[in-house]
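> Provide a 3D model corresponding to the input given below.
(2 chains)
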2 protein chains.
Amino acid sequence: MAGCPVSSSDLVSGSAAASAGQNLPGVDAASIGVSLERVRAFIEPRLSQALELSSDAAPRLAESMRYAVLAPGKRLRPALVLWAAEACGGTWETAAGAALAVEMIHAYSLVHDDLPAMDDDDLRRGQPTCHRAFDEATAILCGDALQALAFETLAREMPPATAARGCLVLAKAAGAEALVGGQADDLAAERGWIPDVAASPGADQMRWLEHVHRRKTGALFLAALELGGLSANANEAQLSMLAAYGRAFGLAFQIADDLLDAEGNEAAMGKRVGKDAGRGKLTFPTVVGLEQSRVRGRALAEEAVISVSGLGDSAAKLTALARWIIARDH
Amino acid sequence: MAGCPVSSSDLVSGSAAASAGQNLPGVDAASIGVSLERVRAFIEPRLSQALELSSDAAPRLAESMRYAVLAPGKRLRPALVLWAAEACGGTWETAAGAALAVEMIHAYSLVHDDLPAMDDDDLRRGQPTCHRAFDEATAILCGDALQALAFETLAREMPPATAARGCLVLAKAAGAEALVGGQADDLAAERGWIPDVAASPGADQMRWLEHVHRRKTGALFLAALELGGLSANANEAQLSMLAAYGRAFGLAFQIADDLLDAEGNEAAMGKRVGKDAGRGKLTFPTVVGLEQSRVRGRALAEEAVISVSGLGDSAAKLTALARWIIARDH
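Numbering: from 1, shown residues only, chains lettered A, B, ... in the order given. Below is the predicted model:
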């Protein structure tokens, strides 16, 4: 990962988290940058290998898929899969297929979200978006093929006993009642197809925002944790703890993302910032202000931490990540 | 299905098939219209039920998904799933989940293929295309959500023993090396990204066309047959016969589709015809002529029939369908 700006700034953020987390006992927050780097070193060669397609994949399509997935990323979702498996006594090897699958779904959703007919973005992960680097048709097909590859990878690589359940978990998280539904409602609000949202009282706006983000961003985090647990043959009690963590973590992540969009800088983020406010989009800071958003984010991070306390020391990385996520600068 | 133009013309086509198939002993080709009508009566209420989504699915998105899937269709792919299961001693009930999943993948691929950035079509199944009836963003999300719903349905409803293998079969068929790869290569040729195809000798053009269509159209037919077999716990020998049928059937179907595009009328087809020739696209008739295309189509239909002869009388519907497909008028 030498020369990768995201990894180096992750290490910086590790220090930021250490300072933000210095009142939180039992967490070595400074190590989160190193821990994430280890996940990247494990998962990125496997992502690259999974994207070595045969000549039956059209060359331009195959190239666009590699471009979309292998661009520098934090690999938060694979980290959640691997660390959830670890927290339930499983291995990274057994959880690798699920980690790859979740990252492929994430990458596809970014490619489609960036399309001109959707958010119309030019920059993603510090690079031109897929439809800018290739073309719109290729970007549509790239997303479609990545979604299929996610299920192919999961069905092939998850332990047979849980593979079908794993496909069900991922499919629900990626579907109309979760990821895609959240994105559709987000668009609907932005385009005035649901005109009453922006004009409704703050409490209703908050409920709406949480309703959107629990699906648009949260559902895939939740699936990552469940899939990690399933890969490790976790019992229902463990799965339930991971799910509670995932719900709180996902919302904390989104609040942090909104805060970064409001305050952050483009170079550290690797994508256009200030765009939400620029288009009058509802975000946590625009609804309840920066300070209240920070308070809510920190409370959710602590809720996540408490959720997995029953898993003991093996959940230390999940704990550290939840506290880092709200302190990060990108 | 009262008042549905596709079903009534299917019955007409049954008669056409009867006359075209009168020299083919052992096949009651006239019954194919009735057989397909029974499949529709079985599968369409189940499709409708699978598309009754919770309020977590954005209302406009959910509506677009119902619009795309429940538009009148021949339901050929569900028929192949159910009849393949039947040919291996299975029941329609056990194969229903696979039949729904394959139809959802088919419907999603049509929605995305019709997009302005892709084939830019206004008419599909006799109705405005999804992005015309709704909008482009909704059509993109509709396709994305239908793909996820296909895997959700398959993972939940296939018999547990074969569900993971079923997800793998469907994911490969829907992926970059099959359905999406074929579509990407088709676009690449049309847009001159592969400039040598149109200028190459006829034999090379034929190889290219078959290479595209075995993936773009054929792979999902093949998956339908395999999934039907897997739902019925077919053995490897039976699966292999079904696969051979699927490969021949898929290409015969595409040749027939090209012939209909060259000769057909829009009212019977429910979509724009003559569009392939209009944009200078390679098709079987433009490469080898109408008559040679018909000869090749009939030979492939017979190849399909012979492939499943080892399954005996229980494969009668597959046999009748292969002969009908090349004689149909829509």
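
> secondary structure class for the closest residue to A:Leu251 other than its chain neighbours?
Closest residue to A:Leu251 apart from its sequence neighbours, by Cβ to Cβ, 6 or more residues apart in numbering or on different chains: A:Leu300 at 5.2 Å. Using the backbone N, CA and C atoms, a C-beta is placed for each residue, glycine as well. Classification of A:Leu300 using DSSP: H, G, I helix; E, B strand; the rest coil returns helix.

> just say helix, strand or coil for A:Lys172.
Of the three states, A:Lys172 takes helix according to three-state DSSP.

> not counting sequence-adjacent ones, nearest residue to it?
Per Cβ to Cβ, 6+ apart, closest to A:Lys172 is B:Glu152, 5.6 Å.

> so where do the strands sit in chain A?
Along chain A, counting by DSSP state E, strands occupy A:123-124, A:127-128.

> so what strands line up beside the first one?
Spelled out, that is strand A:123-124. If you go by DSSP bridges, strand A:123-124 pairs up with strand A:127-128 (antiparallel).

> run the chain-centre distance for the partner strand.
From the chain centre to the centre of strand A:127-128 is a distance of 19 Å (Cα atoms, centre = their mean, to the nearest Å).

> who touches that strand?
A:Tyr67, A:Ala71, A:Asp122, A:Ala133, A:Gly270 (Cβ atoms under 8 Å, 6 or more residues apart in numbering or on different chains).

> export those residues to TSV and append columns for neighbour count.
Converted to TSV, the contacts of strand A:127-128 look like this (neighbours: other Cβ atoms under 10 Å in any protein chain shown):
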residue	neighbour count
A:Tyr67	21
A:Ala71	18
A:Asp122	13
A:Ala133	16
A:Gly270	20
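
> in a markdown table, list the strands of chain A along with mean neighbour count.
As requested, the strands of chain A are arranged in a markdown table below (neighbours: other Cβ under 10 Å):
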| stretch | mean neighbour count |
| --- | --- |
| strand A:123-124 | 20 |
| strand A:127-128 | 16 |
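
> where does chain A have its least confident helix or strand?
Using mean pLDDT, DSSP states H and E, the weakest-scoring helix or strand in chain A turns out to be helix A:5-20, at a mean of 36.

> report the buried residues of stretch A:89-98.
Of the residues in stretch A:89-98, A:Gly90, A:Trp92, A:Thr94, A:Ala95, A:Ala96, A:Gly97, A:Ala98 count as buried by neighbour count, 16 or more other Cβ atoms under 10 Å in any protein chain shown.

> try stretch A:63-75
Going by neighbour count (16+ other Cβ under 10 Å), the buried part of stretch A:63-75 is A:Glu63, A:Ser64, A:Met65, A:Tyr67, A:Ala68, A:Val69, A:Ala71, A:Pro72, A:Gly73, A:Lys74, A:Arg75.

> the fourth one touches A:His131, doesn't it?
No: taking Cβ atoms under 8 Å as the definition, A:Tyr67 is not a contact partner of A:His131, at 11.0 Å.

> ok so, going back, which of the contacts of strand A:127-128 lies closest to chain B?
Within the contacts of strand A:127-128, proximity to chain B (Cβ to the nearest Cβ) peaks at A:Tyr67, which comes in at 13.2 Å.

> coming back round to it: out of the buried residues of stretch A:89-98, who's nearest B:Asn233?
Nearest to B:Asn233 out of the buried residues of stretch A:89-98 is A:Gly97 (Cβ to Cβ; 25.3 Å).

> what about the residue in the stretch 201-330 of chain A that chain B sits nearest to, how many neighbours?
Residue nearest to chain B within the stretch 201-330 of chain A (Cβ to the nearest Cβ): A:Arg215, separated by 6.2 Å. By the criterion of other Cβ atoms under 10 Å in any protein chain shown, A:Arg215 has 27 neighbours.

> pLDDT score for it?
The score at A:Arg215 is 94. That number is its pLDDT.

> my read is that it contacts A:Gly182, right?
Yes: using Cβ under 8 Å, A:Arg215 is in contact with A:Gly182, at 3.1 Å.

> on that earlier part again, wait, which of the buried residues of stretch A:63-75 is closest to chain B?
A:Met65 (6.4 Å).

> about what we covered before: can I get the buried residues of stretch A:63-75 in JSON lines with distance to chain B?
Shown next, in JSON lines, are those (distance: Cβ to the nearest Cβ, whole Å):
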{"residue": "A:Glu63", "distance to chain B": "11"}
{"residue": "A:Ser64", "distance to chain B": "9"}
{"residue": "A:Met65", "distance to chain B": "6"}
{"residue": "A:Tyr67", "distance to chain B": "13"}
{"residue": "A:Ala68", "distance to chain B": "12"}
{"residue": "A:Val69", "distance to chain B": "12"}
{"residue": "A:Ala71", "distance to chain B": "18"}
{"residue": "A:Pro72", "distance to chain B": "22"}
{"residue": "A:Gly73", "distance to chain B": "20"}
{"residue": "A:Lys74", "distance to chain B": "23"}
{"residue": "A:Arg75", "distance to chain B": "22"}
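
> lovely, talk soon.
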